[in-house]
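[1] quick one: sequence and predicted model below, then my questions.
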Amino acid sequence: MPKTPRHASHDGFLLPLGFPVEGFVSGLSYEAQASDVFVSTYPKCGTTWMQHIVWLLADGGRPLRADQRMTEAFPHLEEVGRELVERRPEPRLIKTHLGFSLTPHHPRARYIWVARNPFDCAVSFFHHTRGFVQHYDFADGTFDDFFECFIDGRVDFGSYFDHLASWGARRDAPNLLFTTFEAMRADPRGVVVEVGRFLGGAFEASVDDPAVLERVLAHSSFASMREDQQRWSSARAADAPPFVRKGEVGDWESCFSSEQAHRMVAKLEACTAGTWMADLWSDTVERARSR
Ligand code: A3P
């Protein structure tokens, strides 16, 4: 029997066991404000990395200190619920993994949507799931087990492909900035500047100040975010992979069988055919096809 990670289900929506039902229900009722900044992602697509970039831009390039927690500074809406988010000073910085239709909207709030190719996302999600033993009871699960769950959407926050389609349909909204994990890897400076210009105000002032911009880039680098990892997540078993793990594009190639690669291509193509996303990860798709 393939092993399946444990989840909590709220009306069929899968969440990690540690997420209280009340937080999820109250989070959905949050009323977005004009000054809000949302980082909207499917899990493992570079959420924490983008959160730290936004945090650094908001605060003159000062990183989250070793004794601070991202979950408090930049709360995850559907984990902590609306009351905790409402207590944050404006502009509120808010993380969400919700699809577009469940995400609270305000026409002037800003939404930064980061997507990642589903191949690397699945591998990263696998390591995440086996690492948080207390949530998932999946320490001895295999990638093959996890792949079946991922491709069917039987994972936290549901289907990768539904999430991609739901945000992808809104790409042209003026208050939405779209970027990818791959773009952040290829040109971190370009993405940081883009984010600062999109958010404006103090965020933009940070990218216009060369010394601050250098600090933002240094503290959001992989090497820097590998330090003091208690900032990013709750505790993991000592032998579990760290939260900031490899940060690579193409890690999937060592995990996927050719059959899995072809199935992922088919699933991605079915989701993106005829849309602007059809060629989004064409290099990765080509490599997967040739397996
Ligand atoms: P890997 O598991 O492939 O290494 P999320 O925050 O959405 O959970 O995403 C986690 C992924 O982002 C992990 O991917 C993690 O290593 C990667 N990541 C986090 N910070 C990063 C950084 N500064 N540079 C590159 N990758 C980073």
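    Everything's here; your move.
[2] and R82, how far is that from the ligand?
    Distance, R82 to the ligand, using Cβ to the nearest ligand atom, to the nearest Å: 22 Å. To be clear about C-beta, it is placed using only N, CA and C from the backbone, and glycine gets the same treatment.
[3] can you list contacts of stretch 97-104?
    28, 30-32, 38, 40-43, 47, 76-78, 96, 111, 156-158, 162-163, 166-167, 169-170 (Cβ atoms under 8 Å, 6 or more residues apart in numbering).
[4] just these: which are in helices?
    When DSSP state H is applied, those are split such that 28, 47, 77-78, 162-163, 166-167 fall in helices.
[5] need these in CSV with neighbour count, can you?
    Formatted as CSV, the entries for the ones in helices among the contacts of stretch 97-104 read as follows, by neighbours: other Cβ atoms under 10 Å:
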residue, neighbour count
L28, 18
T47, 23
L77, 27
E78, 25
D162, 16
H163, 24
S166, 18
W167, 24
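[6] residues touching the residue of the stretch 101-250 of the chain at minimum distance from the ligand, list them.
    Closest contact between the stretch 101-250 of the chain and the ligand, by Cβ to the nearest ligand atom, is at G247 (2.7 Å). For G247, the set of contacting residues under the criterion of Cβ under 8 Å, 6+ apart consists of 49, 185, 222.
[7] thought the first one was touching H219?
    So the one you mean is W49. No. The criterion here is Cβ atoms under 8 Å, and W49 misses it with H219 at 11.1 Å.
[8] between these two, who's got more neighbours?
    Ranked by neighbour count (other Cβ atoms under 10 Å), W49 and H219 place W49 first, with 23 against 18.
[9] using PDB, write out every CA atom in the helix or strand the more buried one falls within.
    When elements are defined using DSSP states H and E, W49 is found to belong to helix 47-58. Presented in PDB, the C-alpha positions along helix 47-58 are these (Å, rounded to 0.1, in the frame of the first residue of the first chain):
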ATOM      1  CA  THR A  47       6.900  31.800  -0.300                       C
ATOM      2  CA  THR A  48       9.400  32.400   2.500                       C
ATOM      3  CA  TRP A  49      12.000  33.800   0.200                       C
ATOM      4  CA  MET A  50       9.600  36.300  -1.200                       C
ATOM      5  CA  GLN A  51       8.200  37.100   2.300                       C
ATOM      6  CA  HIS A  52      11.700  37.900   3.400                       C
ATOM      7  CA  ILE A  53      12.400  40.100   0.400                       C
ATOM      8  CA  VAL A  54       9.200  42.100   1.200                       C
ATOM      9  CA  TRP A  55      10.100  42.300   4.800                       C
ATOM     10  CA  LEU A  56      13.600  43.600   4.000                       C
ATOM     11  CA  LEU A  57      12.200  46.200   1.600                       C
ATOM     12  CA  ALA A  58       9.700  47.400   4.200                       C
END
